[in-house]
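Undergrad: Make a model of this:
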Amino acid sequence: MTTPDGRDPHTPRYTNYRFGQSPEPAPEPPAVLAIPHPDPLTPRGILITCPACGAGRDWLLIQVGPQVFVRCRCTMEWLEHDLDAEEADQARQPGPETEWASMEEMYRGLGFDGILAYSYFG
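TA: Here you go, the predicted structure:
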C-alpha cells in the first residue's frame, strides 16, 4: 500500500539527519552505582533525615555521574545537593559488585523497595 504520492505510509517522512549521512548513535546511559550506607549522613555537619518517614540512617546512595541521590527504605528518593561523588566513593565497602537488570530489581535486591520501611539493621 502506498500513498497517492507513491511513498510507503509506514516510513517516516522526515528524519533528523541529511540524506546520505548516518544518524548519530544514541549516547550511552550513565553508569549507576548503588551504595548501601547504614550510618547517619551528616554532610556539612547537618543530619540528613527522610522527609517522608523521618529516618536518620540506613540509606541507599545512588551515584549517577557527579550527582548523588539518597533513597530511604520507605522508597522516598531525592537528589542530595550536599553530597558529591567523592563522598559516595568513600562510603563504598570492599567486596564483590552486583550488576542488576533494572533499577526496580536493584531496589528489591537491596531491600529499598518499601517492604522494609521503618526497619533498621545493625
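
Undergrad: how many other residues sit next to Pro36?
TA: Residues contacting Pro36 under the criterion other C-beta atoms under 10 Å number 16. Every C-beta, even on glycine, is put in place using the N, C-alpha and C of the backbone.

Undergrad: I'd say it and Leu110 touch.
TA: Yes. Using C-beta atoms under 8 Å, Pro36 is in contact with Leu110, at 6.0 Å.

Undergrad: Overlap of the contact sets of these two?
TA: Leu60 (C-beta atoms under 8 Å, 6 or more residues apart in numbering).

Undergrad: and the nearest residue to Pro66 once chain neighbours are set aside, how many neighbours?
TA: Leaving aside its sequence neighbours, Pro66 sits nearest to Ala85 (C-beta to C-beta, 6 or more residues apart in numbering; 5.2 Å). A total of 15 residues lie near Ala85 under the criterion other C-beta under 10 Å.

Undergrad: Report the rounded mean pLDDT for the longest helix out of those in the chain.
TA: Longest helix in the chain by number of residues, with DSSP state H as the criterion: helix 103-110. Averaging pLDDT along helix 103-110 yields 93.

Undergrad: for stretch 50-65, same thing?
TA: In the prediction, stretch 50-65 has an average pLDDT of 93.

Undergrad: Pull up the distance across that stretch, start to finish.
TA: Here the two ends of stretch 50-65 are set 23 Å apart, with distance taken as C-alpha to C-alpha, to the nearest Å.
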